[in-house]
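> Next one to model:
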Amino acid sequence: MQNRNILWLGCMVILLAFGKKAAAQDHLIGPTLSYQFQKGSIIKTGAYFAFPFIGDNILRADATANFTWTQKKFAVIPEAALTYYPQSYVLTPFLRAEVTPYTFTPKVGASLATLLDIDFGYGFSIKDKKDYRPMKGFAVSLRFSIPLNYRLNM
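I've put the predicted structure just below:
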């Protein structure tokens, strides 16, 4: 089961990194680094792919690995997320949904040019991780995204 989740995460990263071929501003792609608190501290690292969606809206897909040390145990948990930015202003609200093999976490937040995000949500338990307490409850995250293909239009 764990190997299948790692394989799935790897495929998502490859699709995000080498998917649709387009001009630089047709999409943004790059690495992310975030901190989340949800029943313990979680450091997340991964990749994202963001693209325009119906006008000025932005849709973003993330594939990350969550590194956590809880209950005196270390774990790496794969995660996929989808974020909807209803506008492309410098400061904009957004809706986000994250899913791991153990939780589904809908979130709301605010973003600074899609480079720095803060969000809040609640994780619903899908199934329990062996030898861990259920991973559910309130979550707060701070995420940094580095677009590798960003270009200023002057």
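> Isn't Phe138 up against Phe120?
Yes: using C-beta atoms under 8 Å, Phe138 is in contact with Phe120, at 7.4 Å. In short, each C-beta sits where N, CA and C put it, glycine included.
> Show me what counts as buried in the helix or strand hosting Ser34.
Secondary structure assignment for Ser34, by DSSP states H and E: strand 28-37. Neighbour-count burial for strand 28-37 flags Leu28, Ile29, Gly30, Thr32, Ser34, Gln36 (criterion: 16 or more other C-beta atoms under 10 Å).
> In this structure the last one contacts Ser141, no?
Yes: the pair formed by Gln36 and Ser141 meets the contact definition of C-beta under 8 Å, at 4.2 Å.
> which residues in this protein form strands?
Using DSSP state E, the strands of the chain run over 28-37, 41-52, 58-70, 73-85, 91-99, 103-112, 116-125, 137-145.
> Where does pLDDT dip in this protein?
Counting by pLDDT under 70, the chain contains low-confidence residues at 1-25, 71, 88, 131-134, 150-154.
> Can you give me the neighbour number for Tyr89?
The number of residues packed near Tyr89 is 12, by other C-beta atoms under 10 Å.
> oh, I was asking about Leu148
Neighbour count of Leu148, defined by other C-beta under 10 Å: 11.
> next one: Lys129
17.
> which residue sits closest to it in space, ignoring its chain neighbours?
Leaving out its chain neighbours, the residue that sits closest to Lys129 by C-beta to C-beta, 6 or more residues apart in numbering is Tyr102, at 5.2 Å.
> again with Ile43
Ile43 sits nearest to Phe67 (C-beta to C-beta, 6+ apart), 4.7 Å away.
> The residue nearest to Gly46 when sequence neighbours are not counted: how many residues sit nearby?
The shortest distance from Gly46 to any non-neighbouring residue, by C-beta to C-beta, 6+ apart, is to Thr64 (3.0 Å). Number of residues near Thr64 (other C-beta under 10 Å) recorded here: 28.
> how far away is the residue nearest to Ile29 when sequence neighbours are not counted from Leu59?
Using C-beta to C-beta, 6+ apart and skipping the chain neighbours, the partner closest in space to Ile29 is Phe49 (5.2 Å). Distance, Phe49 to Leu59, by C-beta to C-beta, to the nearest Å: 9 Å.
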